[in-house]
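Novice: below: sequence and its predicted model.
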Amino acid sequence: MSGHHHSSSHAVSAAGKHRSRLAITFALVAGFFAVELIAALRSGSLALLGDAGHMAADVTTLGAALLALHLAPSRDKRGRRTFGNYRVEVFASGLAVLIMLGVAIFITVEAIGRFGSAVEPASGIMLAVGILGLVINVVSMLLLRRGSSESLNVKGAYLEVLADALGSIGVIAAAVLVSVTGSPWWDTVIALGIAAFIAVRAVMLGLEVLRVLAECAPPGIEPAEIQVALEDIPGMLEVHDLHVWQLTSGMNVASAHIVTSAPDTMLAAQHLLRDDFGIAHVTLQTESANRRECDHTDW
């Protein structure tokens, strides 16, 4: 006998309510990425090029959030993807990690190559594009601010835009310093700073992706605490084979085998996992006290 409970539709609808704001932000960021890339190539600014590379990663993650919202409700006609398409976001985040690391390495190599011969960047173009980027990032943050408290997908997009704003500030600082001092080295130095910032964020995001793919317990959820809480439910005799993992951001999943002496114990366990631990999708299997149905498994 097994019990099943889920409210994953709530997790989808939380981000779905802000789909239009995500779409507008994606259009703004994607459009500015094209402008910044062209400006970086024309101005010869490494700082601009590094920020454009960061924007490319953000276009990928924002596009993935929208794609996940579109694909999540659809069903696999062949019935092979039993977990649906929710991990589109995770795979796209992995691609964003590779893009960011590639950009960081490229900018670092280019910066080292410039130590032998200084390249004078066009500070006017840098300043204009940096200010435009900051304005677009601020507008995007205002669009996503409300939804960031309701959906982890939207919160992730909000943090990406916030990081973009810091990159734009770096570009503005480089432009001002090059113009005031007349030294092109400021562009190279700040470009190296942006590359380091991108690399650190890539590693942090990569660790999150690996944690999800490795099916580790979600951040802030301790399986040992869940075990104790379940065992404290009246009528609960035993809890074993407890598994807790994350399908994608904002969608926590759990399964367990339980032995009970009361008919309402399973329902109480489902409510506890949902209300106290934020686990939207729960599958529980009941077993008799004198015979474990899972004893024959070897993992």
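Specialist: Looks like it came in fine. Not measured: the values here are computed from a predicted model.

Novice: from here on, just use CA atoms for contacts and neighbour counts.
Specialist: Fine.

Novice: ok, longest strand in this structure?
Specialist: In the chain, taking DSSP state E as the definition, the longest strand is strand 236-248.

Novice: list the buried residues for it?
Specialist: Residues 236, 237, 238, 239, 243, 244, 245, 246, 247, 248 are the ones in strand 236-248 that count as buried (16 or more other CA atoms under 10 Å).

Novice: farthest pair within the residues you listed?
Specialist: Using CA to CA, the pair of the buried residues of strand 236-248 lying farthest apart is 237 and 248, separated by 31.9 Å.

Novice: quick one: the strands in the stretch 51-200 of the chain?
Specialist: Counting by DSSP state E, counting those that start in this stretch, the stretch 51-200 of the chain has no strands at all.

Novice: which stretches of the stretch 51-200 of the chain have low pLDDT?
Specialist: Where the stretch 51-200 of the chain drops to pLDDT under 70, the residues are 72-76, 79, 82, 116-118, 148-153.

Novice: hmm, 80 instead?
Specialist: Applying pLDDT under 80 to the stretch 51-200 of the chain flags residues 61, 64-65, 67-89, 92-93, 114-120, 146-157, 159-160.

Novice: can you show me the helices along it?
Specialist: For the stretch 51-200 of the chain, the helices defined by DSSP state H, counting those that start in this stretch cover 88-113, 123-145, 152-181, 185-213.

Novice: could you report the neighbour count for residue 86?
Specialist: For residue 86, the neighbour count with other CA atoms under 10 Å is 21.

Novice: now do the same contact list for it.
Specialist: By CA atoms under 8 Å, 6 or more residues apart in numbering, the contact set of residue 86 is 68, 71, 72, 247, 248.

Novice: so among the buried residues of strand 236-248, where is pLDDT lowest?
Specialist: The member of these with the lowest pLDDT is residue 248, at 76.

Novice: which ones are touching it?
Specialist: Residue 248 makes contact with 86, 87, 89, 90, 212 under the criterion CA under 8 Å, 6+ apart.

Novice: redo the residues you listed as a markdown table? Include distance to residue 167.
Specialist: Listed next are the contacts of residue 248 as a markdown table, based on distance: CA to CA, whole Å:
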| residue | distance to residue 167 |
| --- | --- |
| 86 | 30 |
| 87 | 28 |
| 89 | 24 |
| 90 | 24 |
| 212 | 28 |
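
Novice: could you single out the nearest of the residues you listed to residue 104?
Specialist: Lowest distance from residue 104 to the contacts of residue 248 (CA to CA) belongs to residue 90, with 21.1 Å.

Novice: burial count for the closest one?
Specialist: 23.

Novice: is it true that it touches residue 208?
Specialist: No - counting by CA atoms under 8 Å, residue 90 stays clear of residue 208, with 9.0 Å between them.
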